[in-house]
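> I'll drop the sequence and a predicted model, then ask my questions.
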Amino acid sequence: MSGVFRLPLLLALLASTAPLQGAQRREPECPWCEKGDAAAIGVVGHGPMPLLSKDSDDFARAYSESDWMFLETVHFRLASSLGGQNLSAKDSKRLEADLERLRTAFPKMPKRLRKLDPWLRLHWTAMRLEDFYARFQRLLGVTDADFPESRGDDPYMGDGRYLGEKEKFEVLLHESRGTHHRATEDNTGVRVTDSMRWHHRSPHKLVLSVPAVDSDLRQDRWLLPHLVHNLSHAFLAAYKHFSYDPPTWIDEGLAHAMEREIEPESWTREGEEGTYQERGRSRPWDQEARSLVQKDEAPPLAALMRKHTLGELEADDHVVCWSICRFLIDQHPGPLAAFLGGIKGQLDERGYPSGKDLTGLQRRLLRELWDWSPVDLDQAWREAVAGNPAHFPGP
Ligand SMILES: [Zn+2]
Ligand SMILES: [Zn+2]
């Protein structure tokens with residue numbers, strides 16, 4: 001007889017736990033997607049979705065002191081606990097084109113908007129990150145179609161659809177430093193104060209965690225270029241699969257260039273404990289670069305190529321790395337794309353990705369693609385800086 005009663009009891013238990021789990025998730029529904037066409041701005045959905053080692057439900061439970069929203073796009077998965085963002089008249093002007101695109105996706109959006117609510121703000125962020133993904137693909141001279149699901153060798157492009165990684169890029173946006181502290185500690189073993197990016201091994205993907213709590217990062221005008229700087233590093237790391245670190249000078253120079261295309265005054269710095277953002281602390285960098293060239297104080301590329309960590313870069317080095325990258329992006333985009341493909345896709349004799357002798361590899365690629373030595377590149381860059389200042393789109 002007991003067996004007869006056991007089954008209803010089990011069913012009753014299942015019935016009572018299922019709604020409880022739902023309540024614990026505390027995920028409000030997106031009020032915009034159901035009334036609009038979110039696919040128009042690259043949105044795939046709001047989960048549940050894979051995130052870190054498990055999924056978004058698990059993430060919401062683990063960091064339940066905040067309310068989390070999740071959003072998946074074609075190339076990203078985002079978790080955000082950020083609130084809404086007020087729009088001043090200036091902000092509305094600056095974001096006019098973006099707001100128009102959002103309105104195309106969500107026709108119910110009011111014509112005059114004083115505030116982006118948390119959900120709308122998250123969709124705006126996702127749209128701009130997808131814009132940046134497309135921008136970085138243009139820099140690399142690639143499209144999604146270049147990346148196979150799994151490794152092939154003709155040509156070698158990594159091991160996955162997302163620039164060569166298996167999974168989409170994950171971005172965690174925290175309203176409080178507490179959840180950022182714990183998320184970094186739980187996933188990397190290190191409790192980090194400022195923004196941090198890391199490579200998640202199983203499955204392979206790049207993750208970025210950002211505490212948007214300091215005065216600048218609370219505002220989207222400064223948060224977005226900070227995300228772009230960090231994602232520039234993450235994308236280059238991911239390109240053809242993250243197997244070794246790319247050369248520091250070009251990694252940092254490109255990150256500055258991408259960040260300043262979004263906001264010319266933004267300056268994300270790499271500290272001991274992650275990356276943070278400052279602004280308005282220097283002359284415009286195009287003027288700085290010109291002045292270094294005129295005074296003959298610019299560090300030569302050969303010296304920059306010998307610096308293998310971000311901590312070794314001096315303030316002037318940052319300006320010169322940015323300026324050389326700017327010169328290559330603007331005047332040599334084709335060879336630059338080939339150069340980036342070459343430094344990220346080196347294979348050893350057995351076909352394994354190898355970061356061996358990257359300095360030698362860069363010298364060979366410079367010779368092959370431009371017929372330049374590092375000194376020749378210095379010279380071409382100096383002439384461009386001195387002779388054609390208008391060329392550099394500084395602030
Ligand atoms: Zn939505
Ligand atoms: Zn950086």
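That came through, no problem. Ligands and ions are numbered 1, 2, ... in the order given.
> and A384, that's in a helix?
Yes - applying DSSP: H, G, I helix; E, B strand; the rest coil, one finds A384 inside a helix.
> can you report how many residues lie near the closest residue to it other than its chain neighbours?
Spatial nearest neighbour of A384, excluding adjacent residues (CB to CB, 6 or more residues apart in numbering): F327 at 5.1 Å. C-beta here means a position set from N, CA and C on the backbone, and glycine is covered the same way. Residues lying near F327 (other CB atoms under 10 Å) number 24.
> and F327, what does it touch?
Contact partners of F327, counting by CB atoms under 8 Å, 6 or more residues apart in numbering, are A380, W381, A384, V385, F392.
> ligand 1: which of these is nearest?
Of all the contacts of F327, F392 has the smallest distance to ligand 1: 38.9 Å, by CB to the ion.
> any idea which helix or strand carries the residue nearest to A384?
Taking DSSP states H and E as the definition, one finds F327 inside helix 315-331.
> sorry, back to before: as JSON lines, the contacts of F327 with pLDDT would be great.
Shown next, in JSON lines, are these (pLDDT from 0 to 100):
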{"residue": "A380", "pLDDT": "96"}
{"residue": "W381", "pLDDT": "97"}
{"residue": "A384", "pLDDT": "94"}
{"residue": "V385", "pLDDT": "94"}
{"residue": "F392", "pLDDT": "52"}
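> which residue is nearest the centroid of this protein?
For the chain, the residue sitting closest to the mean C-alpha position, by CA atoms, centre = their mean, is L231 at 1.6 Å.
> shouldn't that one be in contact with V210?
No - counting by CB atoms under 8 Å, L231 sits too far from V210 to count as a contact (10.4 Å).
> shared neighbours, these two?
The contact sets of L231 and V210 overlap at V171 (CB under 8 Å, 6+ apart).
> hang on, the earlier thing: quick one: the helix holding F327 near ligand 2?
No - figure legend: helix 315-331 not in contact with ligand 2 (CB under 5 Å from the ion); closest approach 8.8 Å.
> separation between R128 and Q362?
To Q362, R128 is 32 Å away according to CB to CB, to the nearest Å.
> swap in T143?
For T143, the distance to Q362 - CB to CB - is 26 Å.
> same check on V228?
Where Q362 is concerned, V228 sits at a distance of 25 Å (CB to CB).
> quick revisit: list the buried residues in the helix holding F327.
Neighbour-count burial for helix 315-331 flags 317-329 (criterion: 16 or more other CB atoms under 10 Å).
> how close does K240 get to ligand 2?
20 Å (CB to the ion, to the nearest Å).
> same thing with A39?
Separation of A39 from ligand 2 (CB to the ion) stands at 32 Å.
> what is the three-state secondary structure of D245?
Here D245 is recorded as coil under three-state DSSP.
> state the phi and psi torsions of it.
phi -70, psi 140 (degrees, to the nearest 10).
> tell me, how many residues neighbour it?
Per other CB under 10 Å, the neighbour tally for D245 reads 15.
> gap between the two ends of stretch 210-225?
This stretch, stretch 210-225, spans 12 Å end to end (CA to CA, to the nearest Å).
> run the chain-centre distance for that stretch.
The chain centre lies 14 Å from the centre of stretch 210-225; the measure is CA atoms, centre = their mean, to the nearest Å.
> also stretch 240-258?
Worked out by CA atoms, centre = their mean, stretch 240-258 lies 12 Å from the chain centre.
> residues of it that come out buried?
Of all the residues in stretch 240-258, those buried under the rule 16+ other CB under 10 Å are 240-243, 246-258.
> same deal with stretch 97-105?
Buried residues in stretch 97-105, counted by 16+ other CB under 10 Å: L99, R101, L102, A105.
> what's the closest of those residues to R221?
The closest of these to R221 turns out to be L99 (CB to CB; 14.2 Å).
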